[in-house]
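K.L.:
got a predicted model here, sequence first, then my questions.
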4 protein chains.
Amino acid sequence: MSTSVTRSVESIQKMPEPRFLASDNTSGICPEALAWFLKANEQDDLAYGNDEWTHRAADQFRTLFDTDCDVFFAFNGTAANSLSLAALCQSYHSVICHELAHIETDECGGPEFFSNGSKLLSVPGINGKLTPEGIREVVTRRNDIHYPRPRVISLTQSTEVGTVYSLNELRAIREVAREFDLRIHMDGARFANACASLGVTPAELTWQSGVDVLCFSGTKNGLALGEAILFFDHRLSEDFAYRCKQAGQLASKMRYISAPWLGLLENDVWLSNAAHANAMATRLAEGVKGLSGVDLMFPVQANAVFIELPDEVQGRLREQGWSFYTFIGKGGVRFVCSWNTSAALVDRLIDDIRNALKTRV
Amino acid sequence: MSTSVTRSVESIQKMPEPRFLASDNTSGICPEALAWFLKANEQDDLAYGNDEWTHRAADQFRTLFDTDCDVFFAFNGTAANSLSLAALCQSYHSVICHELAHIETDECGGPEFFSNGSKLLSVPGINGKLTPEGIREVVTRRNDIHYPRPRVISLTQSTEVGTVYSLNELRAIREVAREFDLRIHMDGARFANACASLGVTPAELTWQSGVDVLCFSGTKNGLALGEAILFFDHRLSEDFAYRCKQAGQLASKMRYISAPWLGLLENDVWLSNAAHANAMATRLAEGVKGLSGVDLMFPVQANAVFIELPDEVQGRLREQGWSFYTFIGKGGVRFVCSWNTSAALVDRLIDDIRNALKTRV
Amino acid sequence: MSTSVTRSVESIQKMPEPRFLASDNTSGICPEALAWFLKANEQDDLAYGNDEWTHRAADQFRTLFDTDCDVFFAFNGTAANSLSLAALCQSYHSVICHELAHIETDECGGPEFFSNGSKLLSVPGINGKLTPEGIREVVTRRNDIHYPRPRVISLTQSTEVGTVYSLNELRAIREVAREFDLRIHMDGARFANACASLGVTPAELTWQSGVDVLCFSGTKNGLALGEAILFFDHRLSEDFAYRCKQAGQLASKMRYISAPWLGLLENDVWLSNAAHANAMATRLAEGVKGLSGVDLMFPVQANAVFIELPDEVQGRLREQGWSFYTFIGKGGVRFVCSWNTSAALVDRLIDDIRNALKTRV
Amino acid sequence: MSTSVTRSVESIQKMPEPRFLASDNTSGICPEALAWFLKANEQDDLAYGNDEWTHRAADQFRTLFDTDCDVFFAFNGTAANSLSLAALCQSYHSVICHELAHIETDECGGPEFFSNGSKLLSVPGINGKLTPEGIREVVTRRNDIHYPRPRVISLTQSTEVGTVYSLNELRAIREVAREFDLRIHMDGARFANACASLGVTPAELTWQSGVDVLCFSGTKNGLALGEAILFFDHRLSEDFAYRCKQAGQLASKMRYISAPWLGLLENDVWLSNAAHANAMATRLAEGVKGLSGVDLMFPVQANAVFIELPDEVQGRLREQGWSFYTFIGKGGVRFVCSWNTSAALVDRLIDDIRNALKTRV
């Protein structure tokens, strides 16, 4: 709840024993990131990103993506997505996104705030994915001045329901983007999970498929906080550093964001973290598949599992300390695995679900 | 420069041996804060500030300030100041501040951005301080609708030039604030240094002197990042958590901001950190006072020392690896001490200044 | 299209003989309003609304609405609605409106722009009307901080599809507004038509039914331009004049907006203008009712008639010079009558429709 | 002040006999503009600028300025200036203007609101004029990311103190603009008066001297309301029509703004209106020049006269019904002549000043 921070401790729901699968943001910092964080703390350094850690991290992103992209850092995903969208459009433009996109459903109007009014045009689509047809419909629906001019397509990869866009799907969307002169923004809150799932390179999944800007989340991949914003077209990132500064997203002690990123980028830790999370999700899905009263709601292609569970089963799991989100309007629940989700935890959840199913009336 | 992050490493100015006195944001994390940071990393926890660390930190602020204030956290000072100002006024209101205030000179339009247009009315004043007379002049200058209505007084404590407002000065400003129905915002980028300097309690320096909201910087006091925003009037913080969320200032892994604050708040580490920085500044001031060719520009009451130095002396110091800011329009330079500035470093600077003065033509 | 103003004349679609029923904004100024406009032009006067015409008009609104409301003027409906919504909520709040509401579909993001990001939560509902159930669902759907907090209900009276909210319907909505502490905004683009339709007083239809602010359109009622914004709660209009000024909605020669309003308000011209327009819409509806191939899409309760017409009939009508809007997603067309729509014009349209229906294959 | 519209009539200062020289916005509509206004009212027409009047007016601007400029209309000067500045820069850019510029002193934060935070960097300069040196200083003062990047120079022509920039002065400013890649915006609230004063063409005074966008006021030149915005670089006006729409500046009955402009543009009425106003200002200046106790504050080059008058003389004039502004911080007063200011009125003012000077103690 909104004012939780300002109220007393009693409002905290104490779990009998916390079993966090509500989101990948309940996990801590992975060891490799922490090591670099501590290294960066060994001596003083220049502020505002003029330190070496930041330059090295930016260079490593350019190596990883195999292109001379422009790299910026923001504190969190709300800001990374909102600022990059604001860079792609003016206030009277609009952003086409899936109706379940985080920017539409969970940012409390953040994109509209940062862009000073750009409207989100939300579109339905199966498995949480935009399609060329859906995009085309919303673009061609009207072309009068009273309708905010579509300028950007925003894709979430992996999607809000744990699926991934294939390269072919992305390329088909690139075609419609080109036809209507639209830019492509990728919300990569779980970009690493998509790479691991598809077995393709970051380059293939972004600029080689028409993506203009990627918000690559570090928070969900094992950092304390910190997102990277990668522009693959220099014209779109002109003066973007000023935008970040003005909007309260320039860290003075930037090295505490960038150095931990080195821990993720070195030795492809980002990818193994994601691969592990994906594997745990698959393990969970496999474990519950076929249980009577349980239905998987979407293909499990990344690190999230959406399951339709009877209300009483949900209640029993909560009593046992499991934390998870209910999925608005669907009657289902979401479990998200992370870099540090253990097979044992997953197995215990599977057991608890199985037992709860058995004991219900 | 703005695009440093996106360009190659060669642009980094490598100092012969970094001697960082440009700002207190070049320092690292103090040991106590780091200890709590690591403690918070030992297990998973609830996101978005619903963890215990955050509630404990908020409670400790309430204890320290001896009042039931509302506590929020933001990533950096730009955001903390801009968001709290936006909460105090509407877009057509104005904020009265000193002409050297950080919000006026160094935020790239941040306050105007977050408030959607609130104009800053800057006022001169000796030693970087607003006076009741200066405030009265700008409020009574005009009262027509074409002039944005003054609504907030923003004070920086300690000031941008290293001085502090006394309790009497604050109370005199409170009188003029009450007369004209103005709210008082305190930019506490170096609030701890002011407390240490004056030897008064946080309560005396804020709500007991009429301050409505305080932005208390952790970054400059020994954290990696993280500012606390304290509202002393519940009416002014209504729905403020939504404002933070929308504006990209709600950390999902909030505990990595709040837990380190526990390290500062416990055992008054925040105060001893500040007292040390102040002492080092005094040591520097004492060391250069009386040197021919050197003039202290302002009374040294906190952790910053502003000195008029001949250009060639400035050049020599930079060659030796000293980093410091020049003070626009004054021909002087600024040195800022921090929780980890050593007496040895200060003494070496004094020596280097003395030697540079001797060797100039 | 958007850039029509800047391009050459050739883009103007010349009608064989213009027959304007596309909207009530194609009509000119009614004689009574023009008379006052010319009267106000007889001598110089004070600027920015300090003239007597403006004060008289404001007073007449207070008389007409039988309450001490606060009255402001804006240039057009986009601004009147957006500014008043911005006054009712902060950027992180949300506005509940019907999915066909003008503020949602036809303002190019205007409400989001003026409010700096307030999200519109659109709700379906039959006959273009919000219901208590629909409102309740969107308010109770979620209460977390990631969802912009509902703060305002926006009603269009008469609605976008030519229906009207009854007093009972309004009062039921007031109940849900009170339950959830929501304010009620009324988009009165065709408020006069609703009054005329229901035969109730402006007071009954607004503050006596819980409406907090009304945007009363003069443009659609017979002015060249100019909307009145009436606040029925003084607390909500605090400093609203500054908001108008900053947002470019304060006319320096205000009397050219306010004096013509005197022409509408005197002798209830506003009401007879609306009653005439309503009567013409009813005449049209009666005239086509029962024709084979024609379906009225909504009850005709104000001055708009929505008809499902075969495509070839639509094409034939356009060839004959009739201007009208197609209704997105429904395959229908909209005709709107105005204060100066003649019975002869309506009858000719009925004939043309009848003939077009006959001659189609 | 601000809420005058909503309060009762008693607050109106009744003059013994109104003698309006406070501003050129107290005058009415000139006969030629009114004639076209009435012509446009003779029949219905297309809305939103798709009428012929609007296209003809746009074409006549292109003829008058001898170039294929893009033409838009806005309701007032606040909006015209703010919207065009918003089109020239992003929120983190800054606008260089004179410290007396209307956008800085009298728009209640309008430019910051429309641009979502662009900061105005105000510069002093004699006779109300920016100079290349002043511009250069503010641009080169800093180049760090904490300082909003200068992007636009805004010139007021004629200036706020009734002087005009010569072609040579404009060209010198163009040089510095080119050097630093700055765009030039011209606030033409009294553009006509500058043309009349200098005897040069609109083309020479704008795009041929480097101006990128001009806001040409009709209100002060004899209209009821309505400003023209002319872009001389097509790239800068891309999608500008959407910007106007979203910001509440698209008139549905546009012809009531554009048709009167035809009255001004035909037969160069705009120029003769301005020439007359200028002549009356010169007459006033000549009439008071040399009177003991009277000092002209600035060269009288357009339609405004700034005079230092003893306080008791100011008081006497107000008693006699003269309306004028005092000039903040200078102790002087401003008289502005208009298209309908008569020589008799000016002569009476001269007499009244002379008499008041005689009778003071």
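P.N.:
Sure thing, it's come through. Numbers count the residues shown, from 1 in each chain, chains lettered A, B, ... in the order given.

K.L.:
quick check, pLDDT for whichever residue of the stretch 101-250 of chain A sits closest to chain B.
P.N.:
Using CB to the nearest CB, A:Gly248 is the residue of the stretch 101-250 of chain A that sits closest to chain B, at 3.0 Å. Just so you know, the C-beta spots here come from the backbone N, C-alpha and C atoms, and that holds for glycine as well. As predicted, A:Gly248 sits at a pLDDT of 98.

K.L.:
shouldn't it be within a strand?
P.N.:
No: read with DSSP: H, G, I helix; E, B strand; the rest coil, A:Gly248 is coil and lies in no strand.

K.L.:
tell me the phi and psi of it?
P.N.:
Dihedral pair for A:Gly248: phi 70, psi 30, per degrees, to the nearest 10.

K.L.:
mind listing what it touches?
P.N.:
Taking CB atoms under 8 Å, 6 or more residues apart in numbering or on different chains, we find A:Gly248 in contact with A:79, B:74-76, B:78-79, B:82-83, B:110, B:114, B:247-249.

K.L.:
can you list those residues in CSV and add secondary structure?
P.N.:
CSV is the format used below for these (three-state DSSP):
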residue, secondary structure
A:Ala79, helix
B:Ala74, strand
B:Phe75, coil
B:Asn76, coil
B:Thr78, helix
B:Ala79, helix
B:Ser82, helix
B:Leu83, helix
B:Gly110, helix
B:Phe114, helix
B:Ala247, coil
B:Gly248, coil
B:Gln249, coil
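
K.L.:
ok, back up a step: quick check: chain neighbours aside, which residue is closest to the residue of the stretch 101-250 of chain A closest to chain B?
P.N.:
B:Ala79 (3.0 Å; CB to CB, 6 or more residues apart in numbering or on different chains).

K.L.:
can you give me the helices for chain A?
P.N.:
A:31-40, A:52-65, A:77-88, A:102-105, A:110-115, A:132-140, A:167-179, A:191-198, A:202-205, A:240-246, A:255-265, A:269-288, A:311-319, A:343-359 (DSSP state H).

K.L.:
buried deepest among those, which one?
P.N.:
Mean neighbour count (mean count of other CB atoms under 10 Å in any protein chain shown) peaks for helix A:110-115 among those, with a mean of 31.

K.L.:
centre of the chain to it, how far?
P.N.:
18 Å (CA atoms, centre = their mean, to the nearest Å).

K.L.:
and what of stretch A:320-333?
P.N.:
Centroid displacement of stretch A:320-333 relative to its chain, using CA atoms, centre = their mean, is 19 Å.

K.L.:
spit out the contact partners of the nearest residue to A:Asp347 once chain neighbours are set aside.
P.N.:
Among residues not flanking A:Asp347 along the chain, A:Gly287 sits closest, at 7.1 Å (CB to CB, 6+ apart). A:Gly287 makes contact with A:346-347, A:349-350, according to CB under 8 Å, 6+ apart.

K.L.:
can I get these in JSON lines including pLDDT?
P.N.:
Shown next, in JSON lines, are the contacts of A:Gly287 (pLDDT from 0 to 100):
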{"residue": "A:Val346", "pLDDT": "97"}
{"residue": "A:Asp347", "pLDDT": "97"}
{"residue": "A:Leu349", "pLDDT": "97"}
{"residue": "A:Ile350", "pLDDT": "97"}
